[in-house]
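Novice: Sequence first, predicted coordinates after that:
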Amino acid sequence: MQHLFETLRSMTFWGFSSSPHNSHGSIYTREKRIFASLLLLVLMISSLAFLSLPSIKESNMTLEITVFDTDRDVVGVIDSAVSLIWTERLRTPGDFELVLTPTQENIDLMTLDNYISIPESDDWMIVESVSIRTDAEEGDTLIVSGRSLLSLWDRRQQYQNGGWGCGGTIPGCSINAVLSFMQLYGFGSADADREVTYMKVDYSSDPRLTDDAAYYIEWSQDFRKGSEDRNILDTIVTMAEAYGVGITMYPDLDTGDLYIHPFLGQDRTTAQVDNPVVIFSPELGNLVNSEVLITKQGYRTFVYIWGAPEPTPQPMYDQELSPKVTGLSRREYWWDGSQISPYETDGTTPKATATYRDELKEGGMLDLNTRYIFQGFTGSVQPTQFIFGTDYFMGDIVEFENGYGFSAKAMVIEITYSKDESGESAIPTFEFISN
């Protein structure tokens, strides 16, 4: 293009002969000069128009993203993108980042609060942020991000606590009952301004959650008292973490209802016989670059407990591990139990001394049980033998070995699907369970 400009530019400066014998040549030369000038002007205008066009990053990856509006109706499908990162988590909201070519169709589909889904996942994500980034070298892009359906509970505060009770033969509340309370006071008919009829609970039928007292929640102590200013999502996550329960949300594609669902994963270690075993180790070729860490630095065996000083000073209580640890192996610490309210639900009537004592000792023991000998294990798994979504799933417990006699159990707490022009992957994340 530059060479053509220079040629035409030189043509416009050809001289005119003043000799009468060259009059025809002068006319011919003048015509060429006029023609070249016009052509140069056209090319310059065209080049300016070309330079003013935006540089658009091309979508080089094919995929399938279904887009739903706020009524949960399909409004479009995106079949190409620059990249996608889609992360799901065991008991907290997942998130995504989608990079698209900024066409008008894509901009219209990526409206805030719309939902999106991909074939690999049962969950939906919510469009929460949209930006258009211009880049003269790399190309312009439409960047979309947001969180999963579970984040909808982040829109409600927990402010009604009175009158809740579970009853039944097992002390405490099942997680089904707690989620029912959350749904009622967060999205139920108790307040017409807060009601969302399609936010529902899919109650677990897993007998471990319905019949095992270990999964019954001391609701009155841990989650009702002093939680009036707590976000409902925070309450759900705190409860799920304390009792080792997974929480997910999914849509009913026929009705458009959105369901929250508690669940427990399956044990797939060598310690059981009911499920196929899943092991990652260098010998099997599905574990690389592993590291083991064992430490007693935070380990404790005995706890002294202080309660709230009001309304009456409390004596010091204590708890210890069983069997008892003595001598130099005994490791002590203090635990502040003032976070446990000494009052009944009305906030003014003091609890009976025995009741408050038992709650303090229970709280201290719960904290003591978190001060264990830590065993950490990290490594990169390869999907050569066991594949997430086929051989193991979210919340499942699998086994790791490092080839040096060390083995550990780990729970699947996250899965990240990544797609771009270089390929695609599904990378799980594990939380190791210390012995």
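Specialist: Received, thanks. Numbering: from 1, shown residues only.
Novice: where's residue 182 relative to residue 248, distance?
Specialist: With distances taken as Cβ to Cβ, to the nearest Å, residue 182 is found 15 Å from residue 248. Just so you know, the C-beta spots here come from the backbone N, C-alpha and C atoms, and that holds for glycine as well.
Novice: nope, residue 353 is what I meant
Specialist: Taken as Cβ to Cβ, the span from residue 353 to residue 248 is 42 Å.
Novice: Check residue 351 too.
Specialist: Residue 351 is 36 Å from residue 248, by Cβ to Cβ.
Novice: between those two, which one's more packed in?
Specialist: residue 248 (22 against 16; other Cβ atoms under 10 Å).
Novice: which SS class is that one?
Specialist: Classification of residue 248 by DSSP: H, G, I helix; E, B strand; the rest coil places it in strand.
Novice: How much space separates it from residue 68?
Specialist: Distance, residue 248 to residue 68, by Cβ to Cβ: 18 Å.
Novice: Residue 287 now?
Specialist: Taken as Cβ to Cβ, the span from residue 287 to residue 68 is 39 Å.
Novice: Spell out the secondary structure type for residue 107.
Specialist: helix.
Novice: Once you drop chain neighbours, what's closest to it?
Specialist: residue 142 (6.4 Å; Cβ to Cβ, 6 or more residues apart in numbering).
Novice: does the one you found count as helix, strand or coil?
Specialist: strand.
Novice: That one reaches residue 100, doesn't it?
Specialist: Yes: counting by Cβ atoms under 8 Å, residue 142 does reach residue 100; the two are 4.3 Å apart.
Novice: now the strands: where do they sit in the stretch 151-300 of the chain?
Specialist: In the stretch 151-300 of the chain, the strands defined using DSSP state E, counting those that start in this stretch lie at 157-158, 199-201, 230-231, 246-251, 258-263, 279-280, 287-295.
Novice: so which of these gets nearest residue 64?
Specialist: Proximity to residue 64 (Cβ to Cβ) singles out strand 246-251 among those, at 16.5 Å.
Novice: For the closest one, name the packing helices and strands.
Specialist: helix 232-243, strand 258-263 (3 or more Cβ pairs under 8 Å, 6 or more residues apart in numbering; DSSP states H and E).
Novice: tell me the mean pLDDT for it?
Specialist: Averaged across strand 246-251, the pLDDT comes to 97.
Novice: Stretch 294-304 now?
Specialist: 94.
Novice: how about that stretch: buried residues?
Specialist: For stretch 294-304, the neighbour count (16 or more other Cβ atoms under 10 Å) marks 300-303 as buried.
Novice: Which members of these are the farthest-apart pair?
Specialist: 301 and 303 (8.6 Å).
Novice: where do the contact lists of those two overlap?
Specialist: Residues touching both residue 301 and residue 303 (Cβ atoms under 8 Å, 6 or more residues apart in numbering) are 320, 332, 368.
Novice: Going by residue numbers, what spans are helices in the stretch 151-300 of the chain?
Specialist: Remark: helices assigned in the stretch 151-300 of the chain by DSSP state H, counting those that start in this stretch are 175-187, 207-211, 219, 232-243.
Novice: Residue 312 is nearest to which of those?
Specialist: Of the helices of the stretch 151-300 of the chain, nearest to residue 312 by Cβ to Cβ is helix 219, at 25.8 Å.
Novice: for residue 68, what are its contacts?
Specialist: Neighbouring residues of residue 68 by Cβ under 8 Å, 6+ apart: 74-75, 114-117, 124.
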